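**Q** When you get a sec, could you give me coordinates for this:
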Amino acid sequence: MPVTGPGAQPSDVRERPLTPAGRRVLEVASELFYERGIGSVGMELIAAEAGVTKKTVYDRFGSKDALILAYLRGRDERWRAYTTERLAAVPDPRERLLATFDALGDWLATECGRGCSMVNACAELPDPGHPVHQVAAEQKAWVRDLYTRLIGDGAIGTPPDGLAEQLLILHEGAIIAFSVAGIQNATTLARTAADALIPRPTEPTAAV
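**A** Model prediction:
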C-alpha cells in the first residue's frame with residue numbers, strides 16, 4: 001500500500017521548483033532513504049534532520065510517496081549525467097561500450113554501496129502498482145536504450161541479436177554481485193564478459 005500523507009500527489013511535485021527548505025528536505029530524505037531504507041524512515045525524522053517542521057515537509061512534497069519519487073528521480077538524474085559525461089570522454093565506439101562498466105565501478109565505489117536504489121525501493125514497496133516500479137522501469141529502460149545507441153554508433157562488427165539486453169544483464173548483475181555478494185571487482189568481471197560479447201571492428205578487405 002502506498003505510504004501517503006495529506007496534500008499533493010506524487011506527480012504534482014515534478015511541476016514545482018524546490019525552495020531552499022525543499023532542497024534541504026530532499027537532500028536529507030535521500031540520504032536517509034538510501035542508507036536506512038524507505039520503510040524505517042518517517043516524515044518526523046526527515047523533518048527533524050532537515051531542521052524544519054513536518055508541516056513544511058508536507059507543504060512542499062504533499063506525501064511520503066512524492067518524496068520517495070523525488071529521491072529516486074534525483075539519484076537517477078545524477079547517475080545519467082555522470083554516465084553520459086564519462087562516456088563522452090571516450091572516442092572509440094567499442095571502448096565506449098566497455099567504459100559503461102568502468103563508470104559503473106566508480107559509481108558503486110563512491111555512490112552506491114548499498115546497491116541500486118531502484119531495486120531497493122521496489123523490494124520495499126512490492127506492489128507493482130506503486131509508482132516506484134514505473135520509475136525503476138524507466139531507469140532500466142534508459143540503460144538498455146543507452147546500450148542500443150552505443151551499439152548503433154558503429155565501428156564494431158555485426159552485433160548479435162539481443163546484445164543490448166545482454167549488456168544490460170551484465171550491468172545489473174554487476175551491481176548485485178558488488179552490493180550483495182561482496183564481489184569487489186564485479187564490474188571488472190562484467191567488463192571482461194562484455195568484451196567477449198561485443199564484436200571487434202570489421203577489418204577492411206585487402207585489395208587484390
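
**Q** Give the helix, strand or coil label for Arg200.
**A** The local conformation at Arg200, judged by DSSP: H, G, I helix; E, B strand; the rest coil, is coil.

**Q** is it true that it touches Arg94?
**A** Yes. Between Arg200 and Arg94 there is a contact at 7.4 Å, judged by Cβ atoms under 8 Å. C-beta here means a position set from N, CA and C on the backbone, and glycine is covered the same way.

**Q** Need the overlap of contacts for these two.
**A** With contacts defined as Cβ atoms under 8 Å, 6 or more residues apart in numbering, the residues shared by Arg200 and Arg94 are Ile156.

**Q** For the longest helix along the chain, buried residues please.
**A** Scanning the chain for the helix with the most residues, using DSSP state H, yields helix 64-88. Buried residues in helix 64-88, defined by neighbour count with 16 or more other Cβ atoms under 10 Å: 64-72, 74-76, 79, 82-83, 86-87.

**Q** just stretch 181-193 next, same as before
**A** So stretch 181-193, judged by 16+ other Cβ under 10 Å, has buried residues Ala186, Thr187, Leu189, Ala190, Arg191, Ala193.

**Q** Contact partners for the third one?
**A** Pointing back at Leu189 there. By Cβ under 8 Å, 6+ apart, the residues touching Leu189 are Ala174, Ala177, Ile183.

**Q** do the same with the first one
**A** Residues counted as contacts of Ala186 (Cβ under 8 Å, 6+ apart) are Gly105, Leu108, Gly173, Ala174, Ile175, Ala177, Phe178.

**Q** now swap in the fifth one and tell me
**A** The neighbours of Arg191, taking Cβ under 8 Å, 6+ apart as the test, are Leu98, Phe101, Asp102, Gly105.

**Q** Secondary structure element for it, which one?
**A** Using DSSP states H and E, Arg191 maps to helix 186-197.

**Q** Quick check: can you list the domain ranges of the chain?
**A** 10-66, 90-197 (automatic domain parsing).

**Q** separation between the residue nearest the centre of the chain and His130?
**A** By Cα atoms, centre = their mean, the mean C-alpha position of the chain lies nearest to Asp76, the distance being 4.4 Å. Distance, Asp76 to His130, using Cβ to Cβ, to the nearest Å: 16 Å.
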